[in-house]
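Participant: build me a model from this:
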Amino acid sequence: MKRSGITDLPLHGGRVPPWLSLRMEKLGTAIAECIVAEYGADAFLSRLSDPFWFQSFGCVMGMDWHSSGITTSVLGALKRGLRGRERDLGLYVCGGRGKQSRRTPDELLALATRRGLNGHELVRTSRLTAKIDNNAIGDGFQIYLHSFIVSESGQWAVVQQGLNEGSGLARRYHWHSEKVRNFADEDRFTREPHSAIVGANRGKILNLVDGRAGPAQEALLTIAGSDPGQTLAELQRLLPQRLVMPRHHEVRAEDVDLKRLGAVLAVSYEKQLRDFASLLLLENIGPRTLQSLALVAEVVHGAQSRFKDPARFSFALGGKDGHPFPVPLKTYDETLSVLRRSLHAAKLDRTEKIEGFKRLDGLTRRVEQRLEPEANFARVLKHERAISPSLGGRTAADDRRERKKATPLQQMDLFR
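Facilitator: Predicted coordinates for the structure are as follows:
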């Protein structure tokens, strides 16, 4: 097994409002379907094990672009969205936050019985990854979320998150099984136990799975009087990917690759390019929805190097706290509608519409390479906020204001 990455995230309070939670469930499932249809279930596990892709995935779904809640909300949305469809897609999500995480062994054993997998080995792996990140890496983070995602082939990815109350940060850890390779470089992580660790550099930490910790490991083994040779063989040198999300809530120009954002905007708003992009999708859609779909297409088809600036993907559907702008519900629903029509057509062996998303991603990259457009960040932000009311822009703060104004009977129906 390999640890593929770690991410440090500032803690955010509050809950995901129902109007966003349901949409995240639908969009996350649709994106998973697109990836599985084009690349297979194990490829989706590979993406989940990449901390930069995972963060971009959450951003394109309308969650806060950098908060700790992105982990819980994305994994919860996936588990709900895949429920009842696991066998069709060959993906199973076990565990979760708090009490759900403690049910992971029972869920894995039940799944293994149904699908003919090695349940005891999966449970052992689940417990081992949790113990390593909770105990063997002395970085002050206590695990409170543990999700174990398994494919029909028995390959798996683990995404878990710990809390450090002293620093006010959460840290997300990513793992994947040995046969699930990184989607950009199959050999890069053949020696490291973690596929990545993402977090702020706060000085040296106690890492008992680092290759340089050999003497400490040997001393501990002597003291313990045991020889877990197989475990030590798995826990070698730690050189993970690191993603550190800043504490500032607003999205800033320096958080975004402006040329890549400029290419998305050019495809969406320049008439000739927009007409061609719409033709690729076989859909007559407006520029704002096309902007969202272009970023969704990149999450499905983009190479690993495309996800170094996760904040850019928040320009698809905004964020629930209004950064970079309120979630445009009309655009969100139209984006979902186009995706679902394309997936439905693909099931009927009419693949032109779903293949259009891959061609849309290719078009955006060619525009970026040949025209090298650069977005005017301040102007883009001003435009998005100006059109927000017409697109049903909504934030979690709007919910709180509406709840205060509503009568008790109105409050019961307000967010259904």
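Participant: show me where the stretch 201-350 of the chain has its strands.
Facilitator: Secondary structure of the stretch 201-350 of the chain (DSSP state E, counting those that start in this stretch): strands located at 206-207, 241-244, 327-328.
Participant: what about the second one, distance to the chain center?
Facilitator: To tie it back to what came earlier, the one meant is strand 241-244. Strand 241-244 sits 14 Å away from the centroid of its parent chain (CA atoms, centre = their mean, to the nearest Å).
Participant: got it, and stretch 137-151?
Facilitator: 15 Å.
Participant: how about the helices in the stretch 201-350 of the chain?
Facilitator: 214-224, 229-234, 258-269, 271-281, 287-301, 314-317, 329-347 (DSSP state H, counting those that start in this stretch).
Participant: by mean pLDDT, flag the weakest helix or strand of the chain.
Facilitator: The weakest-scoring helix or strand in the chain, judged by mean pLDDT, DSSP states H and E, is helix 229-234 (a mean of 45).
Participant: among the helices of the stretch 201-350 of the chain, which comes closest to G168?
Facilitator: Nearest of the helices of the stretch 201-350 of the chain to G168, taken as CB to CB: helix 314-317 at 21.8 Å. To be clear about C-beta, it is placed using only N, CA and C from the backbone, and glycine gets the same treatment.
Participant: hey, least reliable of the strands of the stretch 201-350 of the chain by pLDDT?
Facilitator: Mean pLDDT values for those show the minimum at strand 206-207, a mean of 55.
Participant: which residue is the nearest non-sequential neighbour of V74?
Facilitator: Leaving aside its sequence neighbours, V74 sits nearest to G58 (CB to CB, 6 or more residues apart in numbering; 4.6 Å).
Participant: that neighbour: what secondary structure?
Facilitator: Put simply, G58 is helix when judged by DSSP: H, G, I helix; E, B strand; the rest coil.
Participant: for it, give its distance to L391.
Facilitator: Distance of G58 to L391, given as CB to CB, to the nearest Å: 21 Å.
Participant: higher neighbour count, these two?
Facilitator: G58 (28 against 21; other CB atoms under 10 Å).
Participant: tell me the contacts of the more buried one?
Facilitator: With contact set as CB atoms under 8 Å, 6 or more residues apart in numbering, G58 has these partners: 65, 70-71, 73-74, 310.
Participant: report pLDDT for R403.
Facilitator: Value for R403, per-residue pLDDT: 68.
Participant: okay, domains of this structure per the record?
Facilitator: 2-244, 253-403 (automatic domain parsing).
Participant: low-confidence stretches in this structure?
Facilitator: 181-240, 403-416 (pLDDT under 70).
Participant: how about the residue positioned nearest the centre of it: what's its closest non-neighbour residue?
Facilitator: What sits nearest the mean C-alpha location of the chain, by CA atoms, centre = their mean, is F54, with 2.6 Å. Nearest non-adjacent residue to F54, counting by CB to CB, 6+ apart: L48, 6.0 Å away.
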